[in-house]
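Asker: all I have is the shape, not the residue letters:
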């Protein structure tokens, strides 16, 4: 009678077979969740913390195992990315590139100073009358003007093609020669501020060119380091 009573009080085992069997087992920090459903695969969020997630994967025997995978902190990742993203790479520029850029900037100043000079009162009338400043407009005048601007133009090419020694010497000579040429543009001009500003900018670039060419980096000669590294031997007298 007791056996029949115990069997009657137990729940139906047939119904338990249709229900999903859930079992939890802790192994270290990872948590396993076993589910007997074969057709269910989904991601279950972990309880209590957003830094872990549960990933369900299908096993060969049809059992689905859920693993709690720790995730990196999003705030720490964002701060780390922000710190490294603000660093700019400094790429060294060769002396030849610097000189070529300086001569190019000087030519832009020459062109625009001469172009804006056309807006000064009476300048176009003087050109129509065949006079620029105190000089008559002749073929010799135009050839001289072309030569005056052609030298800085060719210095852009010379800065990148000539040997280092020749490039340094020519750069120093041409830049020193064009300093008085730029200052001469201010002489006997009514628009002193305009021509003075143009001459000051040109002289500043020429001074930078002279400084860069004068401080051209040098490579030590072969064998000089070896000679310097050898200890000096003192002669011993008996």
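Answerer: Cool, the structure landed. Model, not experiment: these values are computed from the prediction.
Asker: for residue 191, give its distance to residue 199.
Answerer: Residue 191 sits 12 Å away from residue 199, going by Cβ to Cβ, to the nearest Å. Quick note: C-beta positions are derived from backbone N, CA and C, even for glycine.
Asker: with residue 220 instead?
Answerer: Residue 220 sits 40 Å away from residue 199, going by Cβ to Cβ.
Asker: compare the two (neighbour count), which wins?
Answerer: residue 199 (21 against 8; other Cβ atoms under 10 Å).
Asker: pretty sure that one is in a helix, no?
Answerer: Yes - the assignment for residue 199 by DSSP: H, G, I helix; E, B strand; the rest coil puts it in a helix.
Asker: which residues of this structure score low on pLDDT?
Answerer: Residues of the chain meeting the criterion pLDDT under 70: 1-85, 223-238.
Asker: where do the strands of it begin and end?
Answerer: 23-27, 30-35, 43-45, 52-58, 64-70, 131-132, 135-136 (DSSP state E).
Asker: list the contacts for the closest residue to residue 97 other than its chain neighbours?
Answerer: Spatial nearest neighbour of residue 97, excluding adjacent residues (Cβ to Cβ, 6 or more residues apart in numbering): residue 160 at 7.5 Å. Shown in contact with residue 160 (Cβ atoms under 8 Å, 6 or more residues apart in numbering): 96, 97, 100.
Asker: again, but for residue 109
Answerer: Applying Cβ under 8 Å, 6+ apart, we find residue 109 in contact with 198, 201, 202, 205.
Asker: can you do 6 Å?
Answerer: 201, 202 (Cβ atoms under 6 Å, 6 or more residues apart in numbering).
Asker: cool, residue 117 as well?
Answerer: Listed by Cβ under 6 Å, 6+ apart, the contact set of residue 117 reads residue 123.
Asker: swap in the one 3 residues further on?
Answerer: The neighbours of residue 120, taking Cβ under 6 Å, 6+ apart as the test, are residue 191.
Asker: separation between the closest residue to residue 202 other than its chain neighbours and residue 189?
Answerer: Leaving out its chain neighbours, the residue that sits closest to residue 202 by Cβ to Cβ, 6+ apart is residue 182, at 3.9 Å. Residue 182 sits 13 Å away from residue 189, going by Cβ to Cβ.
Asker: and residue 149, how many neighbours?
Answerer: 13.
Asker: follow-up on the earlier one: thought the residue nearest to residue 202 was touching residue 205?
Answerer: No - the pair residue 182 / residue 205 is not scored as a contact, 9.1 Å apart, by Cβ atoms under 6 Å.
Asker: overlap in contacts of those two?
Answerer: Overlap of the contact sets of residue 182 and residue 205 (by Cβ under 6 Å, 6+ apart) is empty.
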